[in-house]
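>>> okay, here's the prediction I keep looking at, along with the sequence it came from:
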Amino acid sequence: MHSHAMNVLKVSAAVLLCLGLQACKTAPLTPSQKEEHRAAERTIARQTLEQLYSAHPGARQGVAKAAGYAVFSDIGFHIVYGGSEHGSGIAINNATKRETFMKMFEIEPGLGIGVAKFRLVLVFETADAYNKFVTSGWEAGAHVLAAAKGKASGGAYAGAVTLSSGVHMYQLTEKGLIAGISLTGGKFYVDKELN
């Protein structure tokens, strides 16, 4: 009986915690909180690019010559079966220097236990590809990403995979660049609250 009461108490506490986190998540950000989030995204983007350039110096030229690029920070928790990853990021138009803050949602249906922390850099060679990304977002299923794993980029984009014509992606962990990609599906969209 005592064990049953403890289990009920644990479940109740977990439910309350989830509700509390959800309430915090839906509360609108104050102007100062928005600016803190924007500043954090800029810092993460700068650090990620420095890490990328250290691993692949040629990437600096590719990013600089591109129409635009986007950097995402993603922390995923995979427990027993499946898992979800949520991330946020910033897209930069190289011509205008305009920033677009974005979000990422990815679901990985595979088995596994562990925590994956990684960052993504997407590079858009053309203005059309970049503009489509920041206005319409982008969604890719497992079949698209599986096909991309075999499309290694060359030249200034060595170390990246080609997602589509003129769109390249680098995936980095805290330890360095990943050869290929490990995502199984993803959706990128504009963060309406930070823009």
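Okay, I see it. Numbers count the residues shown, from 1 in each chain.
>>> CA atoms only for stretch 162-175, dumped as PDB, please.
Written as PDB, here are the backbone C-alpha positions of stretch 162-175 (Å, rounded to 0.1, in the frame of the first residue of the first chain):
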ATOM      1  CA  THR A 162      24.100  18.100 -50.200                       C
ATOM      2  CA  LEU A 163      20.400  18.200 -49.300                       C
ATOM      3  CA  SER A 164      19.200  19.500 -52.600                       C
ATOM      4  CA  SER A 165      20.600  21.600 -55.400                       C
ATOM      5  CA  GLY A 166      22.700  24.400 -53.900                       C
ATOM      6  CA  VAL A 167      21.800  23.500 -50.300                       C
ATOM      7  CA  HIS A 168      24.500  21.900 -48.100                       C
ATOM      8  CA  MET A 169      24.500  20.900 -44.500                       C
ATOM      9  CA  TYR A 170      27.200  20.300 -41.900                       C
ATOM     10  CA  GLN A 171      26.500  18.500 -38.600                       C
ATOM     11  CA  LEU A 172      28.800  19.100 -35.700                       C
ATOM     12  CA  THR A 173      29.000  17.600 -32.200                       C
ATOM     13  CA  GLU A 174      30.800  19.100 -29.200                       C
ATOM     14  CA  LYS A 175      33.800  17.000 -30.300                       C
END
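>>> tell me which residues of the helix or strand that contains residue 40 come out buried.
Under the criterion DSSP states H and E, the helix or strand holding residue 40 is helix 31-55. Using 16 or more other C-beta atoms under 10 Å as the test for burial, helix 31-55 gives 34, 37, 38, 41, 44, 45, 48, 49, 51, 52. Using the backbone N, CA and C atoms, a C-beta is placed for each residue, glycine as well.
>>> next SSE downstream of that helix?
Scanning forward in sequence from helix 31-55 by DSSP H and E, the next helix or strand is helix 58-65.
>>> so which residues make contact with that next one?
Contact with helix 58-65 is made by 49, 52-53, 69, 94, 121, 123, 155-160, 168, 170, as judged by C-beta atoms under 8 Å, 6 or more residues apart in numbering.
>>> tell me what angle that helix forms with helix 31-55.
Taking axes from the mean of the first three to the mean of the last three C-alpha atoms, to 10 degrees, one finds that helix 58-65 is oriented at 130 degrees with respect to helix 31-55.
>>> shift numbering so it begins at 29
All set: I'll call the first residue 29, so the last point we hit is now helix 86-93.
>>> convert the C-alpha atoms of helix 86-93 to CSV, please.
The C-alpha coordinates for helix 86-93 follow below in CSV (Å, rounded to 0.1, in the frame of the first residue of the first chain):
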residue,chain,number,x,y,z
GLY,A,86,37.6,25.8,-46.8
ALA,A,87,34.1,26.1,-45.4
ARG,A,88,34.7,29.8,-44.5
GLN,A,89,34.9,30.7,-48.2
GLY,A,90,31.8,28.7,-49.0
VAL,A,91,29.7,30.3,-46.3
ALA,A,92,31.0,33.8,-47.2
LYS,A,93,30.2,33.4,-51.0
